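S.K.: Any chance you could fold what I've pasted below:
(one chain, ligands or ions: 2)
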Amino acid sequence: MSDSSSHQDGASQEQAPQQEVQVHYRSDYRPYPYDIENVHLAFDLAPNATVVDTTLTIQRKADADGEEPLRLDGVDLELLLIAVDGKELDESEYRLIDDGLEVLNPPARFTLTTKVKISPDTNTSLEGLYLSSGKYCTQCEAEGFRKITYYPDRPDVMSTFTVRIEADAKEFPHLLSNGNRIEHGDLEDGKHFAVWEDPYKKPSYLFALCAGDYDLLTSSFNTMTGREVRLEIYVDKGKLDQCHHAMESLKKAMKWDEEVFGLEYDLDIYMIVAVGDFNMGAMENKGLNIFNTKYVLASQDTATDTDFIDVEGVIGHEYFHNWTGNRVTCRDWFQLSLKEGLTVFRDQEFTGDQTDHGVKRIEDVKVIRSHQFAEDAGPMAHPIRPDSYIEMNNFYTVTVYNKGAEVIRMYQTLLGRDGFKRGLDVYFERHDGQAVTCEDFVRSMEDANSYDLKQFRRWYSQAGTPEVEVTSEYDADKRQLSLNFKQSCPVTPGQEEKEPFHIPVKVGLIDELGNDIELKALPVNDADAQVEGDIVHLKAAEQSVTFDDVPEKVIPSILRGFSAPVKLRYDYSLSELIFLFAHDSDSFNRWQAGQELFSRVIFDLCDQLNSGIDLSFDESVIRATKNLLDDSELDGQFKSLALTIPGVSTLLEQVDTIEIDHLIKARNFLKRRLAEELELDWLLHYQTNHHVGDFEQDKESVAKRALAGTCLSYLMTLEKDSVYQLALKQLDNANNMTDASTALQLIVHSNYADKIKVAEDFYQKWQNEELVVNKWLAIMASDPSDETIDRIESLLDHPSFELKNPNKVRSLIGAFTGANPSQFHRADGRGYEYLARQIKALYAVNPQVSARLTGAFNRWRKFDEGRQLKMKQQLQDILSMPELSKDVYEIASKALQ
Ligand code: 0A1
Ligand code: ZN
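M.R.: Ligands and ions are numbered 1, 2, ... in the order given. Next up is the predicted model:
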């Protein structure tokens, strides 16, 4: 079976697919029968009629079947010419097929020339070549190159590229592509040209082209072997002062990769272009990264502290791809986590080194718990190496990226930092310049360390979040504590039975004084050492570990540092949780104890709401909160995280079904009670941490702003005029976007009578700063009040909104579905109707972004019957739309299966 063979999808029972849906299977992989030795592209740029001339030097592989036609991918291309070895083909010598072209009876070695016409101006999908604010740019991952020219658009076909670009000199003074510029000059009629050559073989998804009139920031970096690399950041006119942080981040990332992994940059130039219309965060095209403006532009006035960290992280991520993704790439798209899991892990470590590892770990785990656990428990659950897909773009997921990074982190836990590094060295030695698989990565780790990863491989093949249940038994006579572990993994689509995973569980035992005791595990008869240092290797479905010399009153601290992406259940008493919240030396588990404490209170309150009794919870929770707030040893950023009650999406993943109104009410009740009981404390800490005066961005100032924001958010629940005045003052006097946007959000999300006037003033002030306006849209959309739907209906026609721009869609519609649970899940179904209308308006314009929006319905089965019916109805309506994109079809049909 070839990789293009068609399988009929087992689509939804509710709705038959309107078009034949092709499912791609990992097991269908076959190598491409030809080598493409060289690619020469020539672009004559014009908005509606760009002409692309392509010459491919092609060689049939020794073991390939010469009878088979040569198949090239191509979508939305108008073929103007096709020639073999300079001789134009007539219609009997080639065939246009669905999404491609076949050359019949191709010679064993030849040059193939094609000329096609494309229309960047009408390309709203933002894949292939498109125009963004009058500038040309490309996005080729995963399968966008086929919208530019006919080509074997798959990552295992790697070739060297030469690219000639021709355009109007005035309108497009900068003409950019991958590699080095080897020629440029003027042409007739006010046109000019540039020729770029990339000496490194690359797959088509790493091709890039940009053309426009930009402002340019330049700098340079001296590599570890003393080469000078020119660094260039291209941005929209007038934005130069917002690029300095990105440039500094790039240099830090280059240095970090040399120091930590010994990896040096290879070309003489590294370019970044920022564009306002982009489906994702950024793209690692060889030597020419293209970024969403959101991850390049940052200044004190317009970007929050979080934005600054995110810019640094994404700049790092794309830079790190040069080794983990570009030099060693994926054999096929099922292997995506090979590059993404590894690169996310690398960017997480980079950010941790620049900021604080404890805080970074908590931030990363929050994403896993709220988003990845939800994906793993829903209709789109897939292993980090999926087995099939309908639309590859739907598999750029938190599972492939973030759970993938957790799997990489586990190698480091199992093998140690040095062992992990040894494994990476072997991986690069063996595979530099190749397109490989996750299996190749595992084998490098195994061989470099003589470590058996047979069972560990299940993390690549089994979907779902493993659950680890732990009980403890203390034997007072022997002074021994046993921990009994049970692991299981829920059924996921297509996977009924799961085998036990190899789960590294990091543990500690904490004595009465709050100190860690030394761990002395009793030896077991098992060949696999069960405990190594503080790591328990869980391998069987049930397993026990006994520790010797343990005083009576110890509390186990389990899954320290979130050493594996699992759900842990251990029946702590309330007082044990409070103890851990006050004393755990592992900052992740200290935070975790607080989260569990708050969750437990919230679910108790839900039970009280169900039985109609008055709401109350144990006073000790209030004292524990106060103690943490008053702890002068703790970092403000950590405190801010520890004092933040888990969000609704995280809480939802802790139960099978939920009465959402009760959950939101219970959460609000807890927050307000903590605010009332500790009012003076919140106020005091707000005042000591909120800073007026010169802006600083050192670690301490960032931490203070975070903590002040958390204190103010508690105070705002009191609905007092004095607090409203505090927030208004913070907004008026702010000299940075962190303070301003925190205050704006708190005011807009409150019942303050004049809040809409405040919001309008903010908009007036910032209307020309697109990224700030996007924050404003998100704040408006996530207001929990009942008027929000009416407001965001009218925002669709507001000058600040543009359906074709993904950042706007994410800010308005994404924030509504993801950060406004009370309004999205309105009992009358208006939230669902609103979302469905936007999906229907968008699927033909931008299939990728509308598919992501559709995912907001994925967890419909968790809700009450009334809401379930309403969400189901919207999914069915979406599926009945004419010429529905396969992106949306895949998400909606799987949701209904
Ligand atoms: N490889 C990029 C992310 C990316 C993926 C797909 C895109 O278009 C469909 C765009 C960007 C990264 O991991 O940064
Ligand atoms: Zn990536």
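S.K.: all contacts plus neighbour counts: C-alpha atoms, from now on.
M.R.: OK.
S.K.: give me every residue that touches the closest residue to ligand 1 within the chain.
M.R.: Proximity of the chain to ligand 1 (CA to the nearest ligand atom) peaks at residue 283, 4.4 Å away. Contacts for residue 283 (CA atoms under 8 Å, 6 or more residues apart in numbering) come out as 139, 289, 290, 291, 318.
S.K.: repeat for residue 699
M.R.: By CA under 8 Å, 6+ apart, the contact set of residue 699 is residue 355.
S.K.: got a pLDDT number for it?
M.R.: Per-residue pLDDT puts residue 699 at 96.
S.K.: Mind checking what secondary structure the residue of the chain most remote from its centre has?
M.R.: Going by CA atoms, centre = their mean, the residue of the chain most distant from its centre is residue 477, 51.0 Å out. Three-state assignment for residue 477 (DSSP: H, G, I helix; E, B strand; the rest coil): coil.
S.K.: got a pLDDT number for it?
M.R.: So residue 477 comes in at 97 (pLDDT).
S.K.: separation between it and residue 548?
M.R.: Using CA to CA, to the nearest Å, residue 477 is found at 11 Å from residue 548.
S.K.: so of the contacts of residue 283, which ones are in strands?
M.R.: Mapping the contacts of residue 283 onto strands (DSSP state E) picks out 139, 289, 290, 291.
S.K.: Kindly supply the ChimeraX command isolating those of those that are buried.
M.R.: In ChimeraX syntax, the buried subset of the ones in strands among the contacts of residue 283 is picked out as below (16 or more other CA atoms under 10 Å):
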select :139,289,290,291
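S.K.: I'd like to know which of the ones in strands among the contacts of residue 283 is nearest to residue 113.
M.R.: Distances from residue 113 to those, taken as CA to CA, are shortest for residue 139 (22.9 Å).
S.K.: just checking, that closest one touches residue 131?
M.R.: No. In this structure residue 139 lies outside contact range of residue 131 using CA atoms under 8 Å: 11.0 Å.
S.K.: Please list all residues in contact with the residue lying closest to residue 436 once chain neighbours are set aside.
M.R.: Closest residue to residue 436 apart from its sequence neighbours, by CA to CA, 6 or more residues apart in numbering: residue 331 at 4.6 Å. Contact analysis of residue 331 by CA under 8 Å, 6+ apart lists 155, 156, 435, 436, 437.
S.K.: how close does residue 331 sit to residue 260?
M.R.: 27 Å.
S.K.: repeat for residue 481
M.R.: For residue 481 relative to residue 260 (CA to CA), the value is 39 Å.
S.K.: Compare the two (neighbour count), which wins?
M.R.: Legend: neighbour count by other CA atoms under 10 Å for residue 481 and residue 260, higher for residue 481 (23 against 12).
S.K.: got the phi/psi numbers for the more buried one?
M.R.: phi -120, psi 130 (degrees, to the nearest 10).
S.K.: Now it. Nearest residue, chain neighbours left out?
M.R.: Leaving aside its chain neighbours, residue 481 sits nearest to residue 474 (4.5 Å; criterion: CA to CA, 6+ apart).
S.K.: And the one you found, how close does it get to residue 583?
M.R.: Distance of residue 474 to residue 583, computed by CA to CA: 21 Å.
S.K.: And residue 366, by the same measure?
M.R.: Going from residue 366 to residue 583 by CA to CA gives 21 Å.
S.K.: out of those two, which sits in the busier spot?
M.R.: Higher neighbour count among residue 366 and residue 583: residue 583, with 20 against 15, using other CA under 10 Å.
S.K.: contacting residues for the residue nearest to the more buried one when sequence neighbours are not counted?
M.R.: Computed as CA to CA, 6+ apart, the closest residue to residue 583 that is not its neighbour in sequence is residue 514, at 5.3 Å. Neighbouring residues of residue 514 by CA under 8 Å, 6+ apart: 579, 583, 584.
S.K.: And the second one, what's its pLDDT?
M.R.: pLDDT recorded at residue 583 is 98.
S.K.: for it, what are its contacts?
M.R.: 514, 515, 590.
S.K.: just the last one next, same as before
M.R.: If you count contacts by CA under 8 Å, 6+ apart, residue 584 has them with 510, 514, 557, 590.
S.K.: same deal with residue 479?
M.R.: By CA under 8 Å, 6+ apart, the residues touching residue 479 are 548, 549, 550, 551, 552.
S.K.: Look up which helix or strand residue 232 falls in, please.
M.R.: Element membership for residue 232, per DSSP states H and E: strand 228-235.
S.K.: Show me which residues of whichever helix or strand comes after that strand are buried.
M.R.: Going down the chain from strand 228-235, the next helix or strand is helix 244-261, by DSSP H and E. The neighbour-count criterion (16+ other CA under 10 Å) identifies 244-247, 249-257 as the buried residues of helix 244-261.
S.K.: Give the next helix or strand downstream of helix 244-261.
M.R.: Using DSSP H and E, the next helix or strand after helix 244-261 towards the C-terminus is strand 269-275.
S.K.: Check the offset of the helix or strand immediately after that next one in the chain from the chain's centre.
M.R.: Downstream of strand 269-275, the next assigned helix or strand under DSSP H and E is strand 282-283. The chain centre lies 12 Å from the centre of strand 282-283; the measure is CA atoms, centre = their mean, to the nearest Å.
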